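K.L.:
coords below, sequence missing:
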């Protein structure tokens, strides 16, 4: 049986709260909790925040990103983002410890990665481009980090996220967009889970992570998506 190790967890994005996720602006501080992983994959990595979306493959679709034509939502609908073609284009090379884990390993994601339904699922643009990136060692019990970038209906995405505070998320207008973030104890292992949603224009970003500390990940991802 695998034993849990102690690790410093999620100090989410550099926004200044104490949230554990990444995405345009994340919580900051670190939480110390024992970790559970069957492989030497956990560590005192910089903290991160992450997020999944609902029905996507692990490789981006070839369909061109549709142009947003909706009326801008003040403080939220600042367009100009692009869904990257490769997972390596989402983050700064060599900056994140979690990126040393296998990416989209078939033993983890199978032949095609279908993201579970989430807050973005009802507002996805069916013909929009998407990118799903799963960093996880197949030998690990729980340690992993997932980043999903999708094209959403920007006239509805902000409204869809309004339901998240009732589910324990802390939400705020940040970085010309809107972010919702939740940090919680894993139900099976003595580690911390982090979940972050961010929307800006017709781009939706979700970063989900477990036993994977990061700090400023959302900022890094948004810099690549909107830079």
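P.N.:
Arrived safely, thanks for sending. Keep in mind the model is a prediction, meaning the values are calculated, not measured. Numbering: from 1, shown residues only.
K.L.:
Number of residues surrounding residue 126?
P.N.:
Residues contacting residue 126 under the criterion other C-beta atoms under 10 Å number 9. C-beta: built from backbone N, CA, C; applies to glycine.
K.L.:
list the buried ones in the lengthiest helix in the chain?
P.N.:
Determined from DSSP state H, the single longest helix within the chain is helix 217-226. Across helix 217-226, burial judged by 16 or more other C-beta atoms under 10 Å covers 217, 218, 219, 220, 221, 222, 224, 225, 226.
K.L.:
So which elements touch that helix?
P.N.:
strand 144-151, strand 192-200, strand 203-210 (3 or more C-beta pairs under 8 Å, 6 or more residues apart in numbering; DSSP states H and E).
K.L.:
Please repeat the previous calculation with a cut-off of 7 Å.
P.N.:
Counting contacts by 3 or more C-beta pairs under 7 Å, 6 or more residues apart in numbering; DSSP states H and E, helix 217-226 packs against strand 192-200, strand 203-210.
K.L.:
and residue 98, which of those strands is closest to it?
P.N.:
Closest of those to residue 98 is strand 203-210, at 7.6 Å (criterion: C-beta to C-beta).
K.L.:
how much does the closest one deviate in direction from strand 192-200?
P.N.:
Angle of strand 203-210 versus strand 192-200, following axes from the mean of the first three to the mean of the last three C-alpha atoms, to 10 degrees, is 180 degrees.
K.L.:
Let me know the average pLDDT across stretch 186-197.
P.N.:
Across stretch 186-197, pLDDT averages out at 96.
K.L.:
before we move on, what about stretch 83-99?
P.N.:
96.
K.L.:
now do the same end-to-end measure for it.
P.N.:
19 Å (C-alpha to C-alpha, to the nearest Å).
K.L.:
rewinding a little: mind putting the helices and strands packed on helix 217-226 into CSV with mean neighbour count?
P.N.:
As requested, these are exported to CSV (neighbours: other C-beta atoms under 10 Å):
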stretch, mean neighbour count
strand 192-200, 30
strand 203-210, 30
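K.L.:
Turn those strands into a markdown table, columns for distance to residue 131.
P.N.:
Shown next, in a markdown table, are the helices and strands packed on helix 217-226 (distance: least, C-beta to C-beta, whole Å):
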| stretch | distance to residue 131 |
| --- | --- |
| strand 192-200 | 14 |
| strand 203-210 | 10 |
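K.L.:
Residue 100 is nearest to which of these?
P.N.:
Within those, the stretch nearest residue 100 is strand 203-210; the backing value is 14.5 Å (C-beta to C-beta).
K.L.:
Would you mind measuring from residue 141 to residue 205?
P.N.:
Separation of residue 141 from residue 205 (C-beta to C-beta, to the nearest Å): 26 Å.
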